[in-house]
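Visitor: Have a look; sequence and predicted model below, questions after that.
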Amino acid sequence: MTCSGTCGYANEYADFMDLSRLGAFVTKSITLEERPGNNPTRIVETRAGMLNAIGLANVGLKRFLEEKVPRLRQMPCPVIVNVAGHSYDDYTQTCAAMNGLDVVAAVELNVSCPNVKDGLTFGTHPARLRELTAEVKKVLPNKPLIVKLSPNVEDITQTARAAVDGGADILSLVNTFTAMAIDIEKRRPRLANVTGGLSGPAIKPIAVHLVSRVYRSVAKHAGVPIIGMGGIQYWQDAVEFILAGATGIGIGTALFVDPATPNKIVDGLTAYLERHKIDRLTDLVGALELPGDEPKKTPYP
Amino acid sequence: MSSSRDQFVCQVIANVPLCREHFKLVVRTRQFPPTFPGQFVQIACRPVDPQADTAQHELTWDDNALPRVSDPELAQRSTLLRRPFSLAGRRDTADGVELDIIHRVVGVGTAWLAELKTGDPISLIGPLGNRFRLPAEDGVAILVGGGVGIPPMIYLGSQLAGRKAVAFSGALTRDLLPLQITNAAPPADAVSASPLYNVEPFASFGIPTVISTDDGSYGYRGFITQALEKYLDRSFTTPHARSRAIVYTCGPEPMMKRVAEIAHARDIECQVAVERAMACGMGTCQSCCIRVKKPDPAAPPLPGQDWCYRLACTDGPVFKSTELLW
C-alpha cells in the first residue's frame, strides 16, 4: 500500500510505478473544508529522515468528490480514503460521504490532528479516540474502518485498545513522530510551523517495535489486522514489519526517493517466500519469536 | 524514444569543474523523453542502490576479512531525498541522450555529485515541471541568470533557434561564474554594460552577454539588475520594442524580484523560474508551495480568497512574474 500524504490524490505516480500491483492506494488526508496548508518552509531533510509540516493542505470534501473521485474510479487497485478533521462533526460528515461511494474500499482515520475546541489531539487520548472511532463507525457501516495510530503517546497499546474498542476494523501504525530541526545560523526552527512529523528510515526501528507491541498486546487477540508503516524502504524492512505482526505494509517517504518502491518490495517479498519455501505471506505475520515464546513451526528449515 | 517521464539510471560521461564550487555533470542515457528549457530532474545524490533491485541482498564476506558494511546509512552521512536540478542542456546523439547538469557544491548531495567519475551510474527522475514559453519568431529573449540560476538560461539560450537574444549573468565574483570568458574581447565596459560575444556557451549560440560581479572582478561592478536596467533603457526605447521582448530569470529570490520589478515597470513580460526545497518533484508531497494571485478570487481553490498556493514542481518551476506573491 501507499501511505497517505506521500502519493497524491490518485494517479500522480502512474508514470513511475505500476499502480495495478498495489494492494491499495491511500489518498492524502481529506478534510471537510478545503485547506491551503501551512506557510513554507514545509519540509526539511534530516539524517535518514524527513521532517514535514504540510498542514493538511487538501482540496476539501466538496472538490474531492467533484474532481478526485472520477480520477479514483480509473485506479487499477483498491482505494482507501484518508480522512482528517478538527472536530467530531468534521470527521463524521466527511466519513458519511464516503459510506456510499463504491470506489472507496475503506476509510483510514488520521487522528493526529488537534480538536479546535480544546486543542487536544484526538489520537493521543484513549477515551477520546474510542469515542471518535465509535462515532465514525456509526456513519460508516458499509466500509472497513482503519485507525492510523500516532506514535506520540506514552503507551501506544492504550490508544490501540481504545481504537479497537471503538470499533476499528484495522489499525495502521505509525504516523510520524513530532520532531524539530533548528537552523543554527539563524537560531530559528527550520520549519515555519516550528515542529513537524519525522518520517523515513530514521524511524523504522521504533515503528517495528511499536507494531510488535500492538500486535502482541492488542491486535492479535482482538483479531484486528495491522498495516505496518514507518521508514520502509526495502523488502527486508517489510519482512521485519510482517514478522512483528503487520498483515499489510505501507510505503511513504520512500516513494519520494523511488516511486517504484512498492513494486520492488513485492518482487523482493516474492523471492524471500520462495527462498524460505513459504506458501503464503500471511504465514509470516507475527512469526517473530521472542525469548520465552513457545517454539513455533517457523519456516526455518 | 520513451515518451513519458520515468526513473532512469544514467551513466556519467563527464564531470568537470567550471569554476570554484561549480561542476558540469554530463550524463548519458539510451533514451529520455523530450525536454524543454525550464524543466528539471530529481537526482538521487547517493550510490545507485543495489538493494533496490529485486535480487536478494547479501553481504560479501571476503577471505580473512570481516563482511563489509557499505550501506551508506551506516558508513557515511548521505542524502535521503532526491535533489532537484534544472537542465543546462541536452544533446541527442547516436549513443543516446546527453543531459547537462551544472551544480554548485553546497551540501552533502552536491559534494557527492562532485566526486562522480566517468562511467559511474546515477539515478534521475524526469523530466519534471513546466517550461519557459519562447518569444515570437521576431521577438527578443533577455536571459537574466544569477549564480546557480544561470544553468537553465544556458539551456534556454541553446533552444532559441535564431531569435534575437541577450544574456545577463551575475555572480559574487569572477571565479564563481559557471561560464567561460574567452579573451577574444576586452572585459565588458564597466559603465555601459554592453553585451559582448566573449562568454561561452552563450557566444556559440549567437548570444552576446553582459557579466556582472558584485566585487567588480570581471565585467559590470554591481548587481546584474543594475546592468539590466541600463541596457533596457538604452535598447528598448519604444513600446513596440518592449512588447516583443520577454525577460527570463532564474537565481536568488531578491534578484528575481528586482528583475520582475524592472520588467514590470517597462511593460515587458517576465517569466521566473523559482527554486524551492522539494521532496518528490512529482506533485505529491505539497512541500514546494509558492503563493500566487488568483485571477478570479471566487473560483476554486479556496473560493473567496484572492491568493492560493501553487507547487513549484508541477505548476512551475516557471511562473509569470505578475502572478507570484513573494
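Guide: Thanks, I have it. Numbers count the residues shown, from 1 in each chain, chains lettered A, B, ... in the order given.
Visitor: contacting residues for B:Ser287?
Guide: Taking C-beta atoms under 8 Å, 6 or more residues apart in numbering or on different chains, we find B:Ser287 in contact with A:Pro40, A:Arg42, A:Ile43, A:Asn52, A:Ile54, B:Arg276, B:Ala277, B:Met278, B:Ala279, B:Cys280. Glycine gets a C-beta too; all of them are placed from N, C-alpha and C.
Visitor: so which of the residues you listed comes closest to A:Asp183?
Guide: Nearest to A:Asp183 out of the contacts of B:Ser287 is B:Ala277 (C-beta to C-beta; 12.6 Å).
Visitor: Could you report the neighbour count for the closest residue to chain B within the stretch 151-300 of chain A?
Guide: Minimum separation of the stretch 151-300 of chain A from chain B (C-beta to the nearest C-beta) falls at A:Asp267, amounting to 3.8 Å. A:Asp267 has 16 neighbouring residues, counting by other C-beta atoms under 10 Å in any protein chain shown.
Visitor: How about the one 5 residues further on?
Guide: A count of neighbours around A:Tyr272, defined by other C-beta under 10 Å, yields 19.
Visitor: Check which helix or strand it maps to.
Guide: helix A:261-275 (DSSP states H and E).
Visitor: Tell me which other helices or strands that helix touches.
Guide: Counting contacts by 3 or more C-beta pairs under 8 Å, 6 or more residues apart in numbering or on different chains; DSSP states H and E, helix A:261-275 is packed against helix A:235-244, helix A:254-257.
Visitor: hey, where'd the strands end up in the stretch 101-250 of chain B?
Guide: Secondary structure of the stretch 101-250 of chain B, counting by DSSP state E, counting those that start in this stretch: strands at B:121-128, B:140-146, B:164-171, B:180-181, B:199-200, B:209-213, B:220-221, B:245-250.
Visitor: so B:Pro121 bridges to which residues?
Guide: Beta-bridge partners recorded for B:Pro121 (DSSP bridges): B:Gln11.
Visitor: Surely A:Gly231 is within a strand?
Guide: No: under DSSP: H, G, I helix; E, B strand; the rest coil, A:Gly231 falls outside any strand and is assigned coil.
Visitor: count of neighbours near the closest residue to B:Ile122 other than its chain neighbours?
Guide: In space, and not counting its chain neighbours, B:Ile122 is closest to B:Cys10: 5.4 Å by C-beta to C-beta, 6 or more residues apart in numbering or on different chains. Neighbourhood size, B:Cys10 [other C-beta under 10 Å]: 25.
Visitor: B:Cys10 contacts B:Ile125, doesn't it?
Guide: No: the pair B:Cys10 / B:Ile125 is not scored as a contact, 11.0 Å apart, by C-beta atoms under 8 Å.
Visitor: Please work out the average pLDDT along the helix or strand A:Val208 falls within.
Guide: Element membership for A:Val208 (DSSP H and E) is helix A:204-214. The pLDDT scores in helix A:204-214 average 98.
Visitor: what's the angle between that helix and helix A:235-244?
Guide: Here helix A:204-214 runs at 20 degrees with respect to helix A:235-244, directions being taken by axes from the mean of the first three to the mean of the last three C-alpha atoms, to 10 degrees.
Visitor: picking up where we left off before, send me the helix holding A:Tyr272 as CSV with only the CA atoms.
Guide: The C-alpha coordinates for helix A:261-275 follow below in CSV (Å, rounded to 0.1, in the frame of the first residue of the first chain):
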residue,chain,number,x,y,z
THR,A,261,9.4,1.1,-4.3
PRO,A,262,6.1,-0.8,-3.7
ASN,A,263,6.7,-2.9,-6.9
LYS,A,264,10.2,-3.7,-5.9
ILE,A,265,9.2,-4.7,-2.4
VAL,A,266,6.6,-7.1,-3.8
ASP,A,267,9.3,-8.7,-6.0
GLY,A,268,11.6,-8.9,-3.1
LEU,A,269,9.0,-10.5,-0.8
THR,A,270,8.1,-13.0,-3.5
ALA,A,271,11.7,-14.0,-3.8
TYR,A,272,12.0,-14.2,0.0
LEU,A,273,9.0,-16.5,0.2
GLU,A,274,10.4,-18.8,-2.5
ARG,A,275,13.8,-18.9,-0.8
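Visitor: about what we covered before: any idea how far B:Phe32 is from the residue nearest to B:Ile122?
Guide: For B:Cys10, the distance to B:Phe32 (C-beta to C-beta, to the nearest Å) stands at 8 Å.
Visitor: so what sits against both of those two?
Guide: Contact criterion C-beta under 8 Å, 6+ apart; residues shared by B:Cys10 and B:Phe32: B:Leu99.
Visitor: Let me know the outermost residue of chain B.
Guide: B:Asn64 (48.8 Å; C-alpha atoms, centre = their mean).
Visitor: mind checking the SS state of that residue?
Guide: Applying three-state DSSP: B:Asn64 is coil.
Visitor: pLDDT at it, what is it?
Guide: Per-residue pLDDT puts B:Asn64 at 72.
Visitor: Repeat that for the one 5 residues further on.
Guide: Model confidence at B:Val69, given as pLDDT, is 57.
Visitor: again, but for B:Ala190
Guide: So, for B:Ala190, pLDDT stands at 54.
Visitor: try B:Asp49
Guide: Per-residue pLDDT puts B:Asp49 at 71.
Visitor: which residues touch it?
Guide: Going by C-beta under 8 Å, 6+ apart, the list of residues near B:Asp49 is empty.
Visitor: how far away is it from B:Pro297?
Guide: Going from B:Asp49 to B:Pro297 by C-beta to C-beta gives 47 Å.
Visitor: Check B:Leu143 too.
Guide: From B:Leu143 to B:Pro297 the distance is 34 Å (C-beta to C-beta).
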